[in-house]
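Undergrad: structure for the following, please:
(4 chains)
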Protein chains: 2
Amino acid sequence: MAATIKDVAKLAGVAISTVSYALNNSPKISQATRTKVMEAARELSYQKNGFASDLKRTKTNTIALILSDLAGPYYSELTKGVQEVTTAHGYDLIACSSQGGPQSTAVKFLKEKRVDAAIILAHNISDEVIAESARKGFPIIILDRHLNNDYVVQVEVDNFHGGYVATEHLIQQGSKEIAFISGPPGSHDSDRRYSGYITALNEHHLEPKPKWRMHGDFTREGGYRATKMLMAQGSLPEAVFFANDEMAIGGMQAFKENKIRIPEDISIIGFDDIQLSEFMSPPLTTIKQPKYEAGALAMHLILQQLADEEVNQYYKLSTELIVRKSVK
Amino acid sequence: MAATIKDVAKLAGVAISTVSYALNNSPKISQATRTKVMEAARELSYQKNGFASDLKRTKTNTIALILSDLAGPYYSELTKGVQEVTTAHGYDLIACSSQGGPQSTAVKFLKEKRVDAAIILAHNISDEVIAESARKGFPIIILDRHLNNDYVVQVEVDNFHGGYVATEHLIQQGSKEIAFISGPPGSHDSDRRYSGYITALNEHHLEPKPKWRMHGDFTREGGYRATKMLMAQGSLPEAVFFANDEMAIGGMQAFKENKIRIPEDISIIGFDDIQLSEFMSPPLTTIKQPKYEAGALAMHLILQQLADEEVNQYYKLSTELIVRKSVK
DNA sequence: CTGTTAGCGCGTTCAC
DNA sequence: GTGAACGCGCTAACAG
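TA: A predicted model of the protein is given here:
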């Protein structure tokens, strides 16, 4: 059905290679021939098969942004950073999801050399898969974990410091009993934020209590459930540090249902500074991540590596406390 | 650097075709040989080149979801609908952006046969590009426009009826002077909503006034600017129908800055029911689109077409009025 | 100079 | 279980 280069050659009455040269603007071809070829191509509405040329060129010119869930509340600022740099340098960008584990689209693209590089922000992709895919000439940037691999570069937000600052802020504002709602088990980001929390408590000689630690999973429902469990314990902490904003929003919902007022009865702080935060009532105090910068940096690092330049293996970006109204 | 099937064949001491069969679990290969091959593959950490096999198979097994902006506030419910159906049927899904016009990743993937089908929700892709890409055996579903083409199927939300219901609701609640803030020029969705608005006005013998019509562009800033312009006219309408929620949110901001209270001083209604709407203060009354359903339906239609089944050329899904607190 | 021949990239699949 | 053609386009080397 669809026309191939062969058909165009036949119609134009020239050799296949001539068509290729003409269509790729090689100076070898005369204007007359070029026009003839173009016309034939138009007539057959010929479109080259992208795979065939990628195959030959062993270069796809496209970068994959791998997210745990395409539909998720993923970081649009980050995507914007990636996208802008990508486009500015003439590369193509595709986003794919790692849902489905080893069968996922993400894994397929990572392994089968379908892209020239990848940026990964997908906690549900295993370290092994990344390690297996990493190879010379195929830069991978990871945004959500540590991994020691020569071919993998890490761009990390300073989660530890963010967690520390959040907790410190709660303490400064007068809280002593501070709960922590974590992300999914094994989440590197959540763990680092927790470390910051613990460190801040320790510095102020406050004791971290196990009952003030609940597990969420970075979702709104998870935050809601964890908060309900917190309340079920009978006594309430003075403040809660949610490991991300989504969970904080779920928590606010839970508190509201139990007529617990924020910040009068309890202080709340989140992490991420997602768009919704400032629209909550009260607006959510949180830790802002430089997401746009992270995305842009990741993409820059890829470009440098594709250009065979040396880059460091590790980059850390700092966070910022955004004070709004959810902390007393 | 990277190992090819040839290397595996050499190491395993078998023919290239044998490796291919073994790796694809063909019954033609004995268990012993299969194991030998697998081992060689592992040793070389062989990964097939996805393009080569797609090329040969002339099938990619992947579907493209084309959005106007990967970073935009795109419809995550829609994506979820698409994603779930796609995954359930063993297809892969990639999302790409049409930013950059004819040079965009979206256009490249559409034209160069890099995917088996596409779902388009990207007002900045031209009808021509779609028409040029449409061909037998390459299903395209469009969610945001009309287009008469044998190879293109349309899934549309009933924008006309949504616009009608929104306006009707404002009228029922006592408004007579109703402004309409439109989307970007040429937006099919916006136009249909506008028609619904006009029809409702007419039915109630209310006259649409040009001064109550402003142009936004579906962004928050656009809604903000349009609203400022509306206010600059001196007199205010009793209600405003924003062609989407993002603009309504921008509008609310503008009203707030001018100390105009919602809904006491002016009623507001949006369109889309994006996540933020219910968190606004006051919560935004709006028209909900069945986005998940639209996505799932689009993907189902693709599967049917890939299976060579006949499908209709046009599907319409209905909208729903969500009453919250922004209308008096 | 213009345009052609031939081989390549890598994996799949048919005929033997 | 193997050899070889094939999918489609690119490009070095060569002939006109």
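
Undergrad: just the pLDDT at the residue of the stretch 151-300 of chain A found nearest chain B, thanks.
TA: Of the residues in the stretch 151-300 of chain A, the one nearest chain B is residue A:279, at a distance of 5.0 Å by CB to the nearest CB. Glycine gets a C-beta too; all of them are placed from N, C-alpha and C. On pLDDT, residue A:279 comes in at 90.

Undergrad: that one: what's it in contact with?
TA: By CB atoms under 8 Å, 6 or more residues apart in numbering or on different chains, residue A:279 lies in contact with B:276, B:279-281.

Undergrad: try it again at 7 Å.
TA: For residue A:279, the contact set (CB atoms under 7 Å, 6 or more residues apart in numbering or on different chains) comprises B:276, B:279-280.

Undergrad: from those residues, which are also near DNA strand C?
TA: With CB under 7 Å from any atom of the strand as the criterion, the contacts of residue A:279 include none near DNA strand C.

Undergrad: just the ones in helices from those residues, please.
TA: Counting by DSSP state H, no part of these is found in helices.

Undergrad: could you dump these into CSV and include distance to residue B:207?
TA: Shown next, in CSV, are those (distance: CB to CB, whole Å):
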residue, distance to residue B:207
B:276, 33
B:279, 36
B:280, 30
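
Undergrad: buried sites along stretch A:85-95?
TA: A:85-87, A:91-95 (16 or more other CB atoms under 10 Å in any protein chain shown).

Undergrad: could you do stretch A:213-228 as well?
TA: Buried-residue list, stretch A:213-228, by 16+ other CB under 10 Å: A:213-220, A:222-228.

Undergrad: same question for stretch A:123-136.
TA: Result for stretch A:123-136 [16+ other CB under 10 Å]: buried residues A:123, A:125, A:129-130, A:133-135.

Undergrad: around DNA strand C, pick out the residues from chain A.
TA: By CB under 7 Å from any atom of the strand, the residues of chain A that approach DNA strand C are A:14-18, A:21, A:27-30, A:32-33, A:52, A:55-56, A:58.

Undergrad: are any of those residues buried, and if so which?
TA: Neighbour counting by 16+ other CB under 10 Å classes A:14, A:18, A:21, A:29, A:33, A:52, A:55 among those as buried.

Undergrad: surely the fifth one forms part of a strand?
TA: No. Judged by DSSP: H, G, I helix; E, B strand; the rest coil, residue A:33 forms no part of a strand; its state is helix.

Undergrad: put the alpha carbons of stretch A:103-115 into CSV.
TA: Taking Å, rounded to 0.1, in the frame of the first residue of the first chain, the C-alpha atoms of stretch A:103-115 are listed here in CSV:
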residue,chain,number,x,y,z
GLN,A,103,6.9,-5.9,29.9
SER,A,104,6.5,-2.1,30.0
THR,A,105,7.0,0.2,27.1
ALA,A,106,9.7,1.9,29.1
VAL,A,107,11.8,-1.3,29.4
LYS,A,108,11.3,-2.1,25.7
PHE,A,109,12.6,1.2,24.6
LEU,A,110,15.4,1.2,27.1
LYS,A,111,16.7,-2.2,26.0
GLU,A,112,16.0,-2.4,22.4
LYS,A,113,18.1,0.6,21.3
ARG,A,114,15.0,2.5,20.3
VAL,A,115,16.3,5.8,21.6
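
Undergrad: how far does that stretch sit from the chain's center?
TA: Stretch A:103-115 has its C-alpha centroid displaced from the chain centroid by 17 Å (CA atoms, centre = their mean, to the nearest Å).

Undergrad: quick one: is that stretch near chain B?
TA: Yes. Applying CB under 7 Å from any CB of the partner chain, one finds stretch A:103-115 touching chain B at A:105, A:108, A:111-114.

Undergrad: highest neighbour count among the residues you listed?
TA: In terms of neighbour count, residue A:105 stands highest of the residues of stretch A:103-115 next to chain B at 29 neighbours, by other CB atoms under 10 Å in any protein chain shown.

Undergrad: who's in contact with the closest residue to that one other than its chain neighbours?
TA: Setting aside the residues directly before and after it, residue A:105 is nearest to residue B:92 in space (CB to CB, 6 or more residues apart in numbering or on different chains), at 3.8 Å. If a contact means CB under 7 Å, 6+ apart, then residue B:92 has A:105, A:108, B:61-62 as its contacts.

Undergrad: quick check on residue B:92: phi, psi?
TA: phi -100, psi 150 (degrees, to the nearest 10).

Undergrad: tell me how far it lies from residue B:62.
TA: Distance, residue B:92 to residue B:62, by CB to CB, to the nearest Å: 4 Å.

Undergrad: same thing with residue A:328?
TA: Taking CB to CB as the measure, residue A:328 falls 51 Å from residue B:62.

Undergrad: roughly how far apart are residue A:78 and DNA strand C?
TA: According to CB to the nearest atom of the strand, to the nearest Å, residue A:78 stands 32 Å off from DNA strand C.

Undergrad: starting at the chain centroid, how far to the helix or strand harbouring residue A:79?
TA: Under the criterion of DSSP states H and E, residue A:79 resides in helix A:76-88. Centre-to-centre, helix A:76-88 and its host chain are 11 Å apart (CA atoms, centre = their mean).

Undergrad: contacts for that helix next, please.
TA: Helix A:76-88 is touched from outside by A:63, A:65, A:93, A:119, A:291-296, A:298-300, B:70-71, B:97, B:99-100, with contacts defined as CB under 7 Å, 6+ apart.

Undergrad: in strands, which of these fall?
TA: Residues of those located in strands (DSSP state E): A:63, A:65, A:93, A:119, B:97.

Undergrad: which of these are buried?
TA: For the ones in strands among the contacts of helix A:76-88, a burial check counting by 16+ other CB under 10 Å picks out A:63, A:65, A:93, A:119, B:97.
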